[in-house]
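Novice: need a structure here:
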Amino acid sequence: LSEAEIDELFTAGPIPDEVFDRIDGISYVENDNIGREDLRYLRLLYYGFDDETHVGELITNGAIADEILEIFQELYENQYPIEKMLLIDEYGGDDDLAVADNNTSCFNYRVVAGSTKLSRHALGMAIDINPFYNPYADRSAEFPYKIGGDGDLCLKLFDAHGFTWGGRWKSVQDYQHFQK
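Specialist: Numbers count the residues shown, from 1 in each chain. Model (predicted):
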């Protein structure tokens, strides 16, 4: 792809009707906290585990859409591997199914697992990267695609944009999770 073609595939805009039809009643439900107009639909490239270029989809809060595009363009240009990037609706909005399939995703109107507190994902202000490979697990073990450590580009980019990493939380760490 040319540089112009790459730039055209890192876009954010209002959620198109055909995309809204896919998410309405699944990841998006009418609520008093966030409206369709507050969210942005992103199309972007990512470098897959298969060493190929893929087109991914994310829905984010409009407040972070440009930052997410910048981060993912840098990840793509550096061939940082991401296995999948589908809307959570492909999994019926089920976070556990998406994690098991190692899907990178952002918006999903839901509560924090095991609580009644609204998740930052419900506001489009959190993203999970390669969640199957960044679980609540033994971080002293070496395994592929682990986020963290001094040399990890993903962590560096999210840090540079002022995101909080769940791997630094004091209680239960969430190594796949970045939020604002």
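Novice: going forward, measure contacts and count neighbours with C-alpha atoms only.
Specialist: OK.
Novice: So which residues of this structure form helices?
Specialist: For the chain, applying DSSP state H gives helices covering 3-8, 17-23, 65-77, 95-100, 153-160.
Novice: For these, give me CSV that also has mean pLDDT.
Specialist: Formatted as CSV, these follow (pLDDT from 0 to 100):
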stretch, mean pLDDT
helix 3-8, 78
helix 17-23, 98
helix 65-77, 97
helix 95-100, 94
helix 153-160, 96
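Novice: Of all those, which one is nearest residue 125?
Specialist: Nearest of those to residue 125, taken as Cα to Cα: helix 65-77 at 9.3 Å.
Novice: tilt between that closest one and helix 153-160?
Specialist: Orientation of helix 65-77 against helix 153-160 (axes from the mean of the first three to the mean of the last three Cα atoms, to 10 degrees) gives an angle of 150 degrees.
Novice: packing partners for helix 65-77?
Specialist: Identification of packing neighbours for helix 65-77 by 3 or more Cα pairs under 8 Å, 6 or more residues apart in numbering; DSSP states H and E yields strand 11-13, strand 39-47, helix 153-160.
Novice: Give me the helices and strands touching the first one, please.
Specialist: Pointing back at strand 11-13 there. Using 3+ Cα pairs under 8 Å, 6+ apart, strand 11-13 sits against strand 39-47, helix 65-77.
Novice: Repeat the analysis, applying 7 Å as the threshold.
Specialist: strand 39-47 (3 or more Cα pairs under 7 Å, 6 or more residues apart in numbering; DSSP states H and E).
Novice: how distant is the strand it packs on from the center of its chain?
Specialist: 9 Å (Cα atoms, centre = their mean, to the nearest Å).
Novice: doesn't residue 9 make contact with residue 43?
Specialist: Yes - in this structure, residue 43 is within contact of residue 9 by Cα atoms under 7 Å, at 6.0 Å.
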